[in-house]
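**Student:** predicted model follows, preceded by the sequence.
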Amino acid sequence: MALEGSTGWNPHPQVDLYLQQGCMRCRLGGTPDCKVHRWEEVLKELRAILLASGLKEEVKWRQPCYTCEGRNVVILSAFKDYCALNFLKGGMIEDRHGFLEKPGEHTQVGRQMRFRSADEVKAREAAIREYLEQAVEIERGGKAAPPREAPDLPVPDELLRKFEEMPELRRAFESLTPGRRRAYLMHVSAPKQSKTRAARIEKCIPMILAGKGLYDR
């Protein structure tokens, strides 16, 4: 795969420097202990595939970043236990091969494809190219990432007890919009002392029963 109108090979000199010195994001940069040197052979194999794809090679956040028409598509990164292709909208890619992983528990749309050897890169080259093609189409199609989902907040014990006392309060609370429920939970949960949380609940009861949000007038 090469992007239309691209020569398919346009290396950036700062990426050469990245491979020689490291990302310089910590005190190990420029030393033999830098994580980049641990995965240098693997990173070079991945870079060759990325350059051949026709994506534009740049350096962002002190790492090689590959873009299409000014939009970030994938970042090449070195970590302690692996190196990775970080697809910025990887969650929108159809992962037929099952190689894409969430970088963190609460990651929404970003996905990583992880590698630990040059042989692994070669074995997965067809899948890499397929993912790149999809990632480029996502950007060219102007597809936006899905809205970020806010993690659920726990209901404080004081509010649960009040729900037991007042079933009508529970029904009113559950009928509120998700945003209004979240605002109440954040407001009630903030104090460290139980008595303060309970006092806040008492003040909120009339508004909840009236179907209003915390900041409604």
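**Tutor:** Looks like it came in fine. Numbers count the residues shown, from 1 in each chain.
**Student:** hey, let's count contacts and neighbours off CA atoms from now on
**Tutor:** Will do.
**Student:** just confirm A127 is within a helix.
**Tutor:** Yes. Checked against DSSP: H, G, I helix; E, B strand; the rest coil, A127 lies within a helix.
**Student:** contacting residues around it?
**Tutor:** H97 (CA atoms under 8 Å, 6 or more residues apart in numbering).
**Student:** how much space between it and E120?
**Tutor:** From A127 across to E120, the span is 11 Å (CA to CA, to the nearest Å).
**Student:** can you check V109 too?
**Tutor:** Separation of V109 from E120 (CA to CA) stands at 24 Å.
**Student:** dump the helix or strand bottoming out on mean pLDDT in the chain to PDB, restricted to CA.
**Tutor:** When the helices and strands of the chain are scored by mean pLDDT, DSSP states H and E, helix 178-189 comes last with a mean of 90. Taking C-alpha atoms only, helix 178-189 is exported to PDB below (Å, rounded to 0.1, in the frame of the first residue of the first chain):
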ATOM      1  CA  PRO A 178     -26.900  10.600  33.100                       C
ATOM      2  CA  GLY A 179     -25.200  14.000  33.200                       C
ATOM      3  CA  ARG A 180     -27.400  15.200  36.100                       C
ATOM      4  CA  ARG A 181     -26.900  12.000  38.000                       C
ATOM      5  CA  ARG A 182     -23.200  12.300  37.600                       C
ATOM      6  CA  ALA A 183     -23.100  15.900  38.900                       C
ATOM      7  CA  TYR A 184     -25.000  14.900  42.000                       C
ATOM      8  CA  LEU A 185     -22.700  11.900  42.600                       C
ATOM      9  CA  MET A 186     -19.600  14.100  42.300                       C
ATOM     10  CA  HIS A 187     -21.100  16.700  44.600                       C
ATOM     11  CA  VAL A 188     -22.200  14.300  47.300                       C
ATOM     12  CA  SER A 189     -19.000  12.200  47.200                       C
END
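**Student:** just how off-centre is that helix within its chain?
**Tutor:** 25 Å (CA atoms, centre = their mean, to the nearest Å).
**Student:** what's the burial count for D33?
**Tutor:** Neighbours of D33 under the rule other CA atoms under 10 Å: 12.
**Student:** which residues sit in contact with it?
**Tutor:** Per CA under 8 Å, 6+ apart, neighbours of D33: none.
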